[in-house]
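> Sequence first, predicted coordinates after that:
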Amino acid sequence: MTYSPNSRTFSAEGITAPFRHLTFRRIWLASLLTNLGALIRSVGAAWAMTQMTSSADKVALVQTALLLPVMLISMPAGAIADMYDRRIVMLVSLGISLAGATALTTLAWRGLVTPDLLLLLCFVIGSGVALMDPAWQSSVSEQVPADALPAAVALNSISYNIARSVGPAIGGIVVATAGAVASFALNALLYLPLLVALFFWKRISEPSYLPPEKLNRAIVSGVRYIANSPPIKIVLIRSMIMGVIGGAILALMPLVARDLLRGDAQTYGITLSAFGLGAVIGALNVPEVRKRMSGEAAIRACTISMGGALVAVALSRELVLTSVALVLAGAVWMMTWALFNIGVQLSAPRWVAGRSLAAYQAASSGGIAVGSWGWGRLTDAAGVETALLLSAVLMLISPLLGFWLRMPRINPRSEDAEALAHPEVRLALTDRSGPLVIEIEYRVAQENARAFHNVMQDVQLFRKRNGAYGWSIARDIADPELWTERYHCPTWLDYLRQRNRSTHSERALDRQAAAFHTGPEPVRIRRMLERPFGSVRWKDDVPDHAANEALLGDYGRSRT
């Protein structure tokens, strides 16, 4: 269900507001069970690896195998989430993970699992998760009103971390009493509630009146949007760096339990539960942190606190002290990722939300995956304590990044604007006609030239991220008041998409530029076919194929 935008960041009910909506409540409760199963399986997989090999590298690679698919297939997954029914995408994705979990259970029960096979099946499970994540994240805005979206994002994080707070402890008990096979079987079983909840979700969405993009073009569109969106680029870079530096705590947790605390699978479960409990505390306090601190100040506070917690974990040999440090680490870790996630969600319009979130998932998970591998190699060479201390030092100095990559101000989400009526078309065009050249002429008083030029730099960004290329702004040397904005679109269909992807804030920026125009005539717009030979019959007896094809100019004629 689609809701109209609201200027408030959180609704009057606060963080519990999304629970008023039945669809969100059902899916959230089912996801809680699925997350619980995933955490139980993670304990079983990591501990099974420690029993099969003494290599810290192999143990750390379990985390890499689960997260690497997110980095590898996130952008195609994001494009698929934007192109197709997100509910169906999530059902198929869950089916892939269920198949991997079932195979792992069967092979482990028969005693056929090797370290390499365990990593391979973890990769399959992770691939299902990677395919699902963009559809999952971007579908939240279809389950709740716009004013409840930040709270819903925080609640989804809480769902995972409630599971993290009890799942690892349950997993440790399951592994200690029944073995890793039982944890794998329980994981497969707990996929079923979410499959049922998604099956009964009656998703309502407004279909596009334009044909869907092809997968490769959709990926290019997503990359182009992100490349021309400075706020999203900053969040992606910061999240990748955070993942690389902070990945040590996740990758080395089994070794903290085994080597530093001299414990067993149950000890490992307790440490993970402490981290998860802290994450729940952190997620619950995200609204308050956002209210009291800017994004940059909050990230700095979280990373400094995380560095201190890592020092304590590295030096502690007592389970209680380590658990207290992990509660703090979990709280600030979750706050950091929630702030990154909300920043992307509120910066991306609906048409590209899946791809933007996919890029965020790729950056964060890719950073954690690469960091996990690197910290595992360092641990083999220098030990767990040294690796954690180095991670702490890097975490403590990471706030310096804010001087170059300051976190953007997070504003309420700018929703897609209403579709525009198509321009007058007298030339027979098909979806493949192009490239199109668009020229817009403004007449600007000379005293406003600098201000107009500055506004046009922002116009350039939104034109390019919505599909234009070859953008330029020129000034007539014989008539200095005459300015010409010029850009290209690959085809007529691409132009129609570019024209109707604008958000309300982008339309306002367009109006701001047009407000500089002076004179009795309105702003003049020319739309020209750059290669017109396809629209011309060179001989009278040649059939006019364009006349027999559907004209894209007919799409949406009645729209305003």
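Nice, I can see it.
> contacts and neighbour counts: CA atoms only from here.
OK.
> and the least confident helix or strand in the chain by mean pLDDT, what does it pack onto?
Of the helices and strands making up the chain, the lowest-confidence element is helix 149-178, at a mean of 76, by mean pLDDT, DSSP states H and E. Counting contacts by 3 or more C-alpha pairs under 8 Å, 6 or more residues apart in numbering; DSSP states H and E, helix 149-178 packs against helix 22-52, helix 115-143, helix 180-189, helix 265-284, helix 319-347.
> That one to helix 180-189, inter-axis angle?
Inter-element angle recorded for helix 149-178 and helix 180-189: 150 degrees (by axes from the mean of the first three to the mean of the last three C-alpha atoms, to 10 degrees).
> distance of the residue nearest to residue 174 when sequence neighbours are not counted from residue 113?
Of all residues not flanking residue 174 in the chain, residue 183 sits nearest, at 6.3 Å (C-alpha to C-alpha, 6 or more residues apart in numbering). Distance, residue 183 to residue 113, using C-alpha to C-alpha, to the nearest Å: 14 Å.
> quick one: which of those two has more around it?
residue 183 (27 against 18; other C-alpha atoms under 10 Å).
> how about the more buried one, what does it touch?
37, 40-41, 43-44, 171, 174-175 (C-alpha atoms under 8 Å, 6 or more residues apart in numbering).
> Of those - the most surrounded one?
Going by other C-alpha under 10 Å, residue 171 tops those with 33 neighbours.
> which one is the residue nearest the centre of the chain nearest to, not counting chain neighbours?
Centroid-nearest residue in the chain, with C-alpha atoms, centre = their mean: residue 357, separated by 1.7 Å. The shortest distance from residue 357 to any non-neighbouring residue, by C-alpha to C-alpha, 6+ apart, is to residue 134 (5.7 Å).
> Check what pLDDT the one you found gets.
Residue 134 carries a pLDDT value of 84.
> for it, what are its contacts?
Contacts for residue 134 (C-alpha under 8 Å, 6+ apart) come out as 74, 77-78, 81, 354-355, 357-358, 361.
> Same list (these) but as TSV, adding pLDDT.
TSV is the format used below for the contacts of residue 134 (pLDDT from 0 to 100):
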residue	pLDDT
74	78
77	87
78	86
81	85
354	83
355	87
357	84
358	83
361	80
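> Tell me if I am right that residue 525 is in a strand.
Yes: if the criterion is DSSP: H, G, I helix; E, B strand; the rest coil, then residue 525 is within a strand.
> Next one: it from residue 487, what distance?
Per C-alpha to C-alpha, residue 525 is found 12 Å from residue 487.
> Mutual contacts of the two, please.
Contact criterion C-alpha under 8 Å, 6+ apart; residues shared by residue 525 and residue 487: 438-439.
> Those two: which is more packed in?
For residue 525 versus residue 487, neighbours defined as other C-alpha under 10 Å are more numerous around residue 487 (19 against 14).
> for the more buried one, helix, strand, or coil?
Going by three-state DSSP: residue 487 is strand.
> That one pairs with what?
Beta-bridge pairing for residue 487 (DSSP bridges): residue 438.
> could you check the distance from it over to residue 503?
For residue 487, the distance to residue 503 equals 19 Å [C-alpha to C-alpha].
> Flag the shaky bits of the chain, pLDDT-wise.
1-14, 161, 164-165, 168, 205-210, 410-419, 532-560 (pLDDT under 70).
> in a strand, that's where residue 440 is, yeah?
Yes: note on residue 440: a strand contains this position according to three-state DSSP.
> Am I right that it is in contact with residue 525?
Yes: contact criterion C-alpha atoms under 8 Å: residue 440 and residue 525 qualify, at 4.5 Å.
> so which helix or strand takes in the residue nearest to the centre of the chain?
Assigned by DSSP states H and E, residue 357 belongs to helix 353-382.
> So which bits of the helix or strand following that helix are buried?
Reading on from helix 353-382 to the C-terminus, the next helix or strand found by DSSP H and E is helix 384-397. Neighbour-count burial for helix 384-397, counted by 16 or more other C-alpha atoms under 10 Å, picks out 384-396.
> and the residue nearest to the centre of the chain, how far is that from residue 82?
Distance, residue 357 to residue 82, using C-alpha to C-alpha: 11 Å.
> do residue 128 as well
For residue 128 relative to residue 82 (C-alpha to C-alpha), the value is 17 Å.
> same check, this time on residue 144
Where residue 82 is concerned, residue 144 sits at a distance of 18 Å (C-alpha to C-alpha).
> try residue 20
26 Å.
> Let's test this: what are the backbone torsions at residue 436?
Per-residue torsions, residue 436: phi -100, psi 140 (degrees, to the nearest 10).
> Run a quick neighbour tally on it.
Using other C-alpha under 10 Å, residue 436 has 22 neighbouring residues.
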